[in-house]
Structure formats: structure tokens, C-alpha cells
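[1] sequence isn't available, so here's the structure alone:
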């Protein structure tokens, strides 16, 4: 839980910094892209589960 909170704080700080510097945000602008990132992560988690289950 601590890692999630720290990642959220870091992301907020980076977003604020980029806006003040008038740079484009280093994140996908579309919600579907964010969902895709979660899909990649959960795919890796599922693959690891399957690998440990089969061995």
C-alpha cells in the first residue's frame, strides 16, 4: 500500500512540474491507453501465476 501511495504522490508531483514548465504530460492522454497499461501488468501477473502453478 505504501508503494501505491508513493507512486501516486510522485505522479502528482511530476504532473504539476510538467504543467508549470508547459511541457506535454508524460502519460497517455486517453483512458483506454491507461487501461492498456493495466492490462499489460495484469497479463504479466497472470503469466507468473500460471508458471508457478505448472511447475
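    Received the coordinates, thanks. Predicted, not measured: the structure shown is a model, and the values here were computed from it.
[2] from now on I want contacts and neighbour counts done on CA atoms only, so please keep to that.
    Fine.
[3] show me where pLDDT drops low in this protein?
    28 (pLDDT under 70).
[4] mind listing the strands for it?
    Using DSSP state E, no strands are assigned anywhere in the chain.
[5] ok, residue 24 - contacts?
    residue 18 (C-alpha atoms under 8 Å, 6 or more residues apart in numbering).
[6] phi first, then psi, for it.
    Here is the backbone geometry of residue 24 (degrees, to the nearest 10): phi -70, psi 140.
[7] also residue 26?
    Torsion angles at residue 26 (phi, psi; degrees, to the nearest 10) stand at phi -80, psi 50.
[8] how near is it to residue 46?
    Applying C-alpha to C-alpha, to the nearest Å, the value for residue 26 to residue 46 is 27 Å.
[9] mind naming the longest helix for this protein?
    In the chain, assigned by DSSP state H, the helix with the most residues is helix 31-54.
[10] so how far is it off the chain centroid?
    Chain-centre distance of helix 31-54: 12 Å, with C-alpha atoms, centre = their mean, to the nearest Å.
[11] what residues of that helix count as buried?
    Using 16 or more other C-alpha atoms under 10 Å as the test for burial, helix 31-54 gives no buried residues.
[12] begin at 746 from now on, thanks
    Noted, 746 is the first residue going forward, which turns the last one into helix 776-799.
[13] which other helices and strands does that helix contact?
    Judged by 3 or more C-alpha pairs under 8 Å, 6 or more residues apart in numbering; DSSP states H and E, helix 776-799 has no packing partners among the helices and strands.
[14] what about residue 771, how many residues close to it?
    10 (other C-alpha atoms under 10 Å).
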